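Undergrad: can you look at this prediction? I've put the sequence above it.
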Amino acid sequence: MNISKIDLNLLVYLDTLLRECNVTKAANQLSITQPAMSNGLKRLRNLFNDPILVRTSEGMVPTERAKELQPVIRGILMTLEETLAPNREFEASQSKRVFRIMASDYAASTLAPKLLSKLHEEAPDTTLDILTPSDVTFHDVENGKVDMAINRFENLPQSFHYKQIWKDSFCCLVKADNPIIKDFSLDSYLKARHIWVSKTGFGVGVGMDPKDVQKLGWVDEALAHFGKHRNIATFTRNYHVAIHLAKEQNLVATLPSKAANIYLDDPGLKILEPPFPIPPFELDMIWSPLLHRDASHIWLRQKVAEVANELK
């Protein structure tokens, strides 16, 4: 194969086709016509001597050869984009940039207020767009459509850059006159009714099963080590909802300490140490290699790190 005769645009077409697995969607993504993308797919098939995408009852599916090519092509394009990107200084005070951050409810509640204050102080004309995990996919982050994602991650694509923001412990939140305060032990904890709060990840969530300990997360996994389980009365995906429910009902909310400490001065709530050990967890920020050397993105990462250090 003579590389000098290869149209590099075909690599962009291939990357987009394998991401979308749909000719029309891929064409829309690149703002070209559907016939132009179909012609590009035909040329790719000739170039690699492989069908690339095969039509099935479930839609277009990549071939094994295409699956092998996908990470290689993605890496080549990322390297090219990084190399060709202009390296300019970021003038925060003059910028009108929109920073898009995917943040879990926990991350947004704890980080966003101080981050927004810092942005308004140093970059008053910038805009902060906070997205929820259900709004965003790993592809959106990888392609630089979202500046960064801040959450608790278990499995990440190797292409991402990441930085730990902090480690947080857990505490229990109950209303100030909840009788459990008088004798807060593992026994009373297990007899109480509880609010479960989601460890939200990417994509739209589904209903929870109280018996599925692995999906319930850190608190219930910690209890399972003792052969115990709690009585979950309410499931929510929002920490503030959990806290308000705990304040209004005789329910126990076991949640990250930094989220609970937002309500530290609320006389209607009491923060207690859990009556059993729960391992701490990590909050991380991740971003695309495409943005790693972008001056405005470097500045944003520095501001997030500064706010995190202030909150530690």
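TA: Received, thanks.

Undergrad: now the strands for the stretch 201-312 of the chain?
TA: 231-236, 251-256, 269-272, 281-287 (DSSP state E, counting those that start in this stretch).

Undergrad: quick one: mean pLDDT for the last one?
TA: It stands for strand 281-287. For strand 281-287, mean pLDDT rounds to 93.

Undergrad: what does it contact?
TA: Under the criterion C-beta atoms under 8 Å, 6 or more residues apart in numbering, residues 106-107, 141, 147-153, 156, 160-168, 218, 256, 297, 301, 304 lie in contact with strand 281-287. For the C-beta atoms, the positions are set from N, CA and C on the backbone; glycine is no exception.

Undergrad: hang on, the earlier thing: okay, the strands of the stretch 201-312 of the chain, which one's buried deepest?
TA: A comparison of the strands of the stretch 201-312 of the chain by mean neighbour count, using mean count of other C-beta atoms under 10 Å, puts strand 251-256 on top with a mean of 24.

Undergrad: tell me which strands that one pairs with, and in which orientation.
TA: Applying DSSP bridges to the sheet, strand 251-256 is found paired with strand 170-175 (antiparallel), strand 193-197 (parallel).

Undergrad: of the contacts of strand 281-287, select the buried ones using a PyMOL command.
TA: Typed into PyMOL, the line below selects the buried ones among the contacts of strand 281-287, using 16 or more other C-beta atoms under 10 Å:
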select buried, resi 106+107+141+147+148+149+150+151+152+153+160+165+166+168+218+256+297+301+304
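
Undergrad: from the contacts of strand 281-287, which land in strands?
TA: 148-151, 161-168, 256 (DSSP state E).

Undergrad: I'd like these as TSV, with pLDDT appended.
TA: TSV is the format used below for the ones in strands among the contacts of strand 281-287 (pLDDT from 0 to 100):
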residue	pLDDT
Met148	95
Ala149	95
Ile150	95
Asn151	91
His161	89
Tyr162	88
Lys163	92
Gln164	92
Ile165	94
Trp166	94
Lys167	94
Asp168	95
Pro256	93
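
Undergrad: before we move on, the earlier item: closest one to Asp129 among the strands of the stretch 201-312 of the chain?
TA: Taking C-beta to C-beta, strand 281-287 is the member of the strands of the stretch 201-312 of the chain nearest to Asp129, at 15.0 Å.

Undergrad: quick one: low-confidence ranges for the chain?
TA: For the chain, the stretches with pLDDT under 70 are 1-4, 82, 85-88, 199-216.

Undergrad: so in it, which helix runs the longest?
TA: If you go by DSSP state H, the chain has its longest helix at helix 64-84.

Undergrad: for the stretch 1-150 of the chain, what spans make up the strands?
TA: Going by DSSP E, counting those that start in this stretch, the stretch 1-150 of the chain shows strands at 53-56, 59-62, 98-103, 127-131, 148-151.

Undergrad: highest mean neighbour count out of those?
TA: Taking mean count of other C-beta under 10 Å, strand 148-151 is the most buried of the strands of the stretch 1-150 of the chain, at a mean of 26.

Undergrad: these two touch, right, Ile52 and Pro62?
TA: Yes - counting by C-beta atoms under 8 Å, Pro62 is a contact partner of Ile52 at 6.9 Å.

Undergrad: what do these two both touch?
TA: Residues within reach of Ile52 and of Pro62 at once, by C-beta under 8 Å, 6+ apart, are Leu18.

Undergrad: can you redo the strands of the stretch 1-150 of the chain as JSON lines with distance to Gln70?
TA: JSON lines is the format used below for the strands of the stretch 1-150 of the chain (distance: least, C-beta to C-beta, whole Å):
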{"stretch": "strand 53-56", "distance to Gln70": "12"}
{"stretch": "strand 59-62", "distance to Gln70": "7"}
{"stretch": "strand 98-103", "distance to Gln70": "23"}
{"stretch": "strand 127-131", "distance to Gln70": "25"}
{"stretch": "strand 148-151", "distance to Gln70": "21"}
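
Undergrad: now do the helices in this protein.
TA: With DSSP H applied, the chain shows helices at 9-20, 23-29, 34-48, 64-84, 105-122, 138-142, 186-191, 213-216, 218-224, 239-248, 257-260, 295-311, listed in chain order.

Undergrad: list the contacts of the residue lying closest to Ala246 once chain neighbours are set aside.
TA: Distances taken as C-beta to C-beta, 6 or more residues apart in numbering place Ala253 nearest to Ala246, at 4.1 Å, with adjacent residues excluded. By C-beta under 8 Å, 6+ apart, Ala253 lies in contact with Cys172, Leu173, Val174, His194, Ile195, Val197, Ala242, Ile243, Leu245, Ala246, Ala260.
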